[in-house]
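Chemist: Any chance you can model this:
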Amino acid sequence: MYRDIEFVSEGATLQGRHYRSAGSARPTIVMTHGTSATITMAIDCYAEAIFEAGFDVLLYDHRNFGLSGGEPRQEINPWVQARGYRDAVAFAREHLQADRVALWGDSYTGGLVLVAGALIENVLAIVAQIPVCGATWPEGPTDGPAFDTLRDLFHNADLRGEPEDVVGPMPVVSLDQINAPSLLAPPQAFRWFLEYGGRHGSGWENKATRVIPKTPVPFSPLVTAPHLKMPVLMMNGKNDEMVHCNSELQDAVFDRIGGPKEKVIIDGGHFGLLWEDSPNFLKAVSTQIEFLNRVL
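Modeler: Residues are numbered from 1 along each chain as shown. A predicted model of the protein is given here:
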């Protein structure tokens, strides 16, 4: 169903899978996971369903995680991960003959694709699943020339961050938030990550470091949303328990999107659609496939 692939991003070799049919070229969906998760943690089930529905898929692990190279290990930097999408798209176009490309992101990368989609040329569609749009309104400008500044930073700046920009290392999930606070606090997160990350060969580790470099404008989809001119499907979790999936900010981002847009609210909070073959998973993936068929 797939072959292993690798490409270079930010000086590291990123690895993943290319799902491709033997027939004529089809649209390619570029996919990667949210906070610390790897390509065998439910996202592969989405990739397989989307592939079987008639699309090629490039699925990869972020820099510093899973199969991919990069140091420091387990470090999350939104600018670096967004550049990973850029380099994955470039690789797909140059080496996989992908002339029609869409972006797919989940949770943390659900927010990333709403930024990266405005910064990568000729992205034809975006699926933002339970996207992280922020816990509170970001500091710094989000209107006017903010987009031009953000775009220049994305393409040209050194965004590795300073020591004061670093949180962690710390557990990704923990049941003891007093003695062992974690990056993700809800018990639903603990259950999901231990179930999928504990599977043989997942490559997941229960630790992460988060780096948010100080920049003149925030890395936020509030800045880029007006510049998203392609069709966008935003799929939000009803009663999402993750603080960085603030529904008011999700709605503000959706309202700002400049092109055709659709919003779907799905039951199950943040993790309901990440349990493979569950009713919420089946509803989510079928909705996404219908959207991709229609717009691509």
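Chemist: Tell me where this structure has strands.
Modeler: Counting by DSSP state E, the segments of the chain that form strands are 2-9, 12-19, 28-32, 56-60, 75-76, 101-106, 123-129, 166-170, 208-211, 232-237, 261-266.
Chemist: how about the ones you listed in a markdown table, adding mean pLDDT?
Modeler: A markdown table is the format used below for the strands of the chain (pLDDT from 0 to 100):
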| stretch | mean pLDDT |
| --- | --- |
| strand 2-9 | 97 |
| strand 12-19 | 98 |
| strand 28-32 | 98 |
| strand 56-60 | 98 |
| strand 75-76 | 97 |
| strand 101-106 | 98 |
| strand 123-129 | 98 |
| strand 166-170 | 95 |
| strand 208-211 | 96 |
| strand 232-237 | 98 |
| strand 261-266 | 98 |
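Chemist: Columns distance to Pro221 and mean neighbour count on top of these, output as a markdown table?
Modeler: All C-beta atoms are positioned from the backbone trio N, CA, C, and that covers glycine. Shown next, in a markdown table, are those (distance: least, CB to CB, whole Å; neighbours: other CB atoms under 10 Å):
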| stretch | distance to Pro221 | mean neighbour count |
| --- | --- | --- |
| strand 2-9 | 21 | 15 |
| strand 12-19 | 23 | 20 |
| strand 28-32 | 16 | 28 |
| strand 56-60 | 21 | 26 |
| strand 75-76 | 17 | 22 |
| strand 101-106 | 11 | 28 |
| strand 123-129 | 8 | 25 |
| strand 166-170 | 21 | 15 |
| strand 208-211 | 18 | 20 |
| strand 232-237 | 10 | 24 |
| strand 261-266 | 12 | 16 |
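Chemist: Could you count how many residues lie near the residue lying closest to Phe271 once chain neighbours are set aside?
Modeler: Using CB to CB, 6 or more residues apart in numbering and skipping the chain neighbours, the partner closest in space to Phe271 is Trp192 (4.5 Å). Number of residues near Trp192 (other CB atoms under 10 Å) recorded here: 21.
Chemist: Repeat that for Met1.
Modeler: Neighbours of Met1 using other CB under 10 Å come to 12.
Chemist: Name all residues that make contact with it.
Modeler: Met1 sits next to 19, 48, 51 when contact means CB atoms under 8 Å, 6 or more residues apart in numbering.
Chemist: which non-adjacent residue is nearest the last one?
Modeler: Residue nearest to Phe51 in three dimensions, not counting chain neighbours: Tyr19, with 4.0 Å by CB to CB, 6+ apart.
Chemist: got the contact list for the one you found?
Modeler: 1-2, 47-48, 51, 56-59.
Chemist: For those residues, give me a markdown table that also has distance to Thr35.
Modeler: Shown next, in a markdown table, are the contacts of Tyr19 (distance: CB to CB, whole Å):
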| residue | distance to Thr35 |
| --- | --- |
| Met1 | 27 |
| Tyr2 | 24 |
| Ala47 | 18 |
| Glu48 | 22 |
| Phe51 | 24 |
| Asp56 | 26 |
| Val57 | 21 |
| Leu58 | 20 |
| Leu59 | 17 |
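Chemist: Kindly indicate which of these lies nearest Glu94.
Modeler: For these, the closest approach to Glu94 (CB to CB) belongs to Leu58, at 12.1 Å.
Chemist: which ones are touching the residue nearest the centre of the chain?
Modeler: For the chain, the residue nearest the mean C-alpha position is Thr109 (1.6 Å; CA atoms, centre = their mean). For Thr109, the contact set (CB under 8 Å, 6+ apart) comprises 32-34, 81.
Chemist: so which of the residues you listed is the most crowded?
Modeler: Neighbour-wise, these (other CB under 10 Å) top out at Thr32, 30 neighbours.
Chemist: Endpoints of stretch 53-61, how far apart?
Modeler: Using CA to CA, to the nearest Å, one end of stretch 53-61 lies 23 Å from the other.
Chemist: How about residues contacting it?
Modeler: By CB under 8 Å, 6+ apart, the residues outside stretch 53-61 that reach it are 2, 5, 7, 14-21, 25-33, 38-39, 43-44, 47, 50-51, 67-68, 84, 88, 91-92, 96, 98, 203, 289, 292-293, 296.
Chemist: cool, and stretch 146-154?
Modeler: Here stretch 146-154 has contacts from 79, 82-83, 115, 118-119, 140, 159, 215-217, 219, 223-224, 226-227, using CB under 8 Å, 6+ apart.
Chemist: what about it, average pLDDT?
Modeler: Averaging pLDDT along stretch 146-154 gives 97.
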